[in-house]
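Chemist: Sequence first, predicted model second:
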Amino acid sequence: METPTKKKVAIVTGASRGIGRAISTELARSGYHVVINYRSDERGAIETREKIKQEGGDGTIMQFDVVDPAATQAAIDAVLKSFDSIDVLVNNAGITADGLFVFMPRRDWKSVIDVSLNGFYNMTKPVLEKMVVQKSGSIVSIASVAGLIGHRGQANYAAAKAGLIGASRVVASEVARLGVRVNVVAPGPIETEMIKDVPMGNIKALIPMARIGKPEEVATVVRFLCSKDASYVTGQVISVNGGMV
């Protein structure tokens with residue numbers, strides 16, 4: 001960990017690429033010191049930090065798996081030891097393991113649920129304990145249009161993201177009077193590695209705006225939810241999906 005700073009601190013999980021990188025960069029641009037989490041893509045995490053530094057910001061790289069309760073607790077303890085507070089948590093880490101439900105192996109069901117939903121618990125609970133004491137903070141979780149609509153071949157992913165939405169709404173209601181806000185952003189198809197092998201024509205046919213979204217378009221919504229401009233916004237799910245309903 002690095003020298004303590006008076007800057008506000010944001011933790012972004014799964015920040016080594018794609019939406020996580022864009023969110024990290026956007027928050028750093030807004031003045032946050034960003035804790036850049038990654039599980040296995042160290043090179044990507046370094047690239048995220050370099051991008052942040054090129055724009056005049058800074059961040060700390062931390063390797064841990066959100067599925068591991070002991071690792072997440074140790075990481076959060078380390079952040080709190082070096083910084084005055086945790087002001088923002090973005091639960092972005094997620095994976096896919098698509099397949100028709102009737103053929104879906106238990107390991108594919110479990111792995112997707114573990115990262116998105118158990119990862120939410122492992123990160124949010126200890127961070128929330130700190131935010132409740134400091135009576136301030138913003139938690140934003142990245143769900144998916146799949147958690148609202150449901151896509152063929154994504155029963156595990158849809159279940160994980162729908163659960164993330166439900167849990168976030170409950171937690172938001174529990175801590176609203178304590179100065180902590182909890183919201184969800186549900187992206188549609190976004191230009192990331194997650195959809196790189198999917199035929200673009202098939203995806204665009206489902207989107208009224210007839211184009212794929214950019215990670216930065218998700219990141220700016222997250223930044224808004226973390227800002228004072230969203231001081232009366234909690235328990236909400238904001239879709240960034242080009243008009244998919």
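Modeler: Everything's here; your move.
Chemist: Mind checking what helix or strand follows the lowest-mean-pLDDT helix or strand in the chain in sequence?
Modeler: Scoring the helices and strands of the chain by mean pLDDT, DSSP states H and E places helix 200-204 at the bottom, with a mean of 71. As assigned by DSSP states H and E, the chain's next helix or strand after helix 200-204 is helix 215-226.
Chemist: pLDDT of the next helix or strand after that next one, averaged?
Modeler: Per DSSP H and E, the first helix or strand lying C-terminal to helix 215-226 is strand 237-240. Across strand 237-240, the average pLDDT comes to 98.
Chemist: Strand 237-240 - contacts with which helices or strands?
Modeler: Counting contacts by 3 or more Cβ pairs under 8 Å, 6 or more residues apart in numbering; DSSP states H and E, strand 237-240 packs against helix 155-175, strand 180-187, helix 215-226. To be clear about C-beta, it is placed using only N, CA and C from the backbone, and glycine gets the same treatment.
Chemist: most tightly surrounded among the ones you listed?
Modeler: Ranked by mean neighbour count under mean count of other Cβ atoms under 10 Å, the helices and strands packed on strand 237-240 are led by strand 180-187, which reaches a mean of 24.
Chemist: got a list of contacts for stretch 114-123?
Modeler: 11, 13, 66-69, 72-73, 76, 89, 91, 93-95, 141, 157, 160-161, 163-164, 167-168 (Cβ atoms under 8 Å, 6 or more residues apart in numbering).
Chemist: on that earlier part again, how about the helices and strands packed on strand 237-240 in a markdown table, adding distance to Lys81?
Modeler: Output for the helices and strands packed on strand 237-240, formatted as a markdown table (distance: least, Cβ to Cβ, whole Å):
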| stretch | distance to Lys81 |
| --- | --- |
| helix 155-175 | 24 |
| strand 180-187 | 21 |
| helix 215-226 | 23 |
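Chemist: All set now, cheers.
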